[in-house]
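>>> let me see the structure of the following:
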Amino acid sequence: MALYDRRTMDGVYSVRQSATFIMNYRYAEERMMRMMAGWIALTPQIPVKIEMARQVYEDALHTDALGKRLPELRSQAQLSRAANESFATFVDTIEDEEEWEDTLERLVGIYRVLKPHLVSHYSAHVAAANPVYEPPTLRILARMVEEEKAHIERGLVLLDDLLDSAEKHRRAAAWQAHLEELLAASGGVTGFASEGETSKKLGRS
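Prediction:
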């Protein structure tokens, strides 16, 4: 029989911390789902429309799975919460690219900035979570990591098709830099610059 050190049974995250982060993740997934659903009618490129529709569905499944996990962590079901106003503003900035010709900015925001950031945090959470009491969280996040990686891969192919001039490359790079600055200022999806800093600041309270 495996033996566990009771001093480390909480792992890096307590139940309360894990629930808080899941609310943060659910906020990001729900916002992505809603913004991409709204963009479908505003996007002239048919392959982009089709891929967005597929990803809206999968992000909806992520949102639902995270929401159903919350009551098991003694929190309200299906609750989304931004870590702070700055992260909400960052997401708003991505979503506000609603002009017909803004497909480039939309794809940069989702596939170069937001989804890669989320994959990094989900992966770090999986690596740090306690395998004794957190298997459901680990299963949900591990699945999300793989699906979001696939979203990024397909999205970057679509973005590459749009980058057919030096001016568009400059435009994409400038928009990415602006979004990354906003994201860094917000501390990211959990409100901290990194998962390591999250652990250091919150401890096991």
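>>> contacts only, for the most centrally placed residue in the chain.
When Cα atoms, centre = their mean is applied to the chain, the residue found nearest the centroid is Leu118 (3.4 Å). Residues counted as contacts of Leu118 (Cβ atoms under 8 Å, 6 or more residues apart in numbering) are 25, 28-29, 148, 189. For glycine as for every other residue, the C-beta is placed from the backbone atoms N, C-alpha and C.
>>> and the host helix or strand of it, average pLDDT?
Secondary structure assigned from DSSP states H and E places Leu118 in helix 115-128. For helix 115-128, the mean per-residue pLDDT is 95.
>>> now the helices: where do they sit in the protein?
Under the criterion DSSP state H, the chain carries helices at the ranges 15-39, 46-69, 85-95, 103-107, 115-128, 135-162, 166-186, 195-202.
>>> pLDDT (mean, whole number) over the longest one?
The pLDDT scores in helix 135-162 average 97.
>>> does anything pack onto that helix? Which helices or strands?
helix 15-39, helix 46-69, helix 103-107, helix 115-128 (3 or more Cβ pairs under 8 Å, 6 or more residues apart in numbering; DSSP states H and E).
>>> output the below-cut-off pLDDT ranges for the protein.
The chain contains residues with pLDDT under 70 at 1-11, 193-205.
>>> which residues sit in contact with the nearest residue to Ile110 once chain neighbours are set aside?
Distances taken as Cβ to Cβ, 6 or more residues apart in numbering put Gly155 closest to Ile110, at 6.2 Å, once the chain neighbours are dropped. Counting by Cβ under 8 Å, 6+ apart, Gly155 makes contact with 51, 55, 107, 110-111, 115.
>>> make JSON lines out of those and add distance to Ala174 and neighbour count.
Formatted as JSON lines, these follow (distance: Cβ to Cβ, whole Å; neighbours: other Cβ atoms under 10 Å):
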{"residue": "Glu51", "distance to Ala174": "24", "neighbour count": "20"}
{"residue": "Gln55", "distance to Ala174": "25", "neighbour count": "23"}
{"residue": "Leu107", "distance to Ala174": "14", "neighbour count": "27"}
{"residue": "Ile110", "distance to Ala174": "17", "neighbour count": "22"}
{"residue": "Tyr111", "distance to Ala174": "16", "neighbour count": "20"}
{"residue": "Lys115", "distance to Ala174": "20", "neighbour count": "21"}
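>>> just to revisit the earlier point, relative to Leu79, which of the helices of the chain is closest?
Closest to Leu79 of those, according to Cβ to Cβ: helix 15-39, at 5.5 Å.
>>> what's the angle from that closest one to helix 85-95?
Angle between the axes of helix 15-39 and helix 85-95 is 20 degrees (criterion: axes from the mean of the first three to the mean of the last three Cα atoms, to 10 degrees).
>>> before we move on, back to that, dump the contacts of Gly155 to a markdown table, plus distance to Met35.
As requested, these are exported to a markdown table (distance: Cβ to Cβ, whole Å):
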| residue | distance to Met35 |
| --- | --- |
| Glu51 | 14 |
| Gln55 | 11 |
| Leu107 | 12 |
| Ile110 | 8 |
| Tyr111 | 13 |
| Lys115 | 12 |
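>>> among those, which one lies nearest to Thr93?
Once Cβ to Cβ is applied, the member of those that ends up nearest Thr93 is Ile110, at 12.2 Å.
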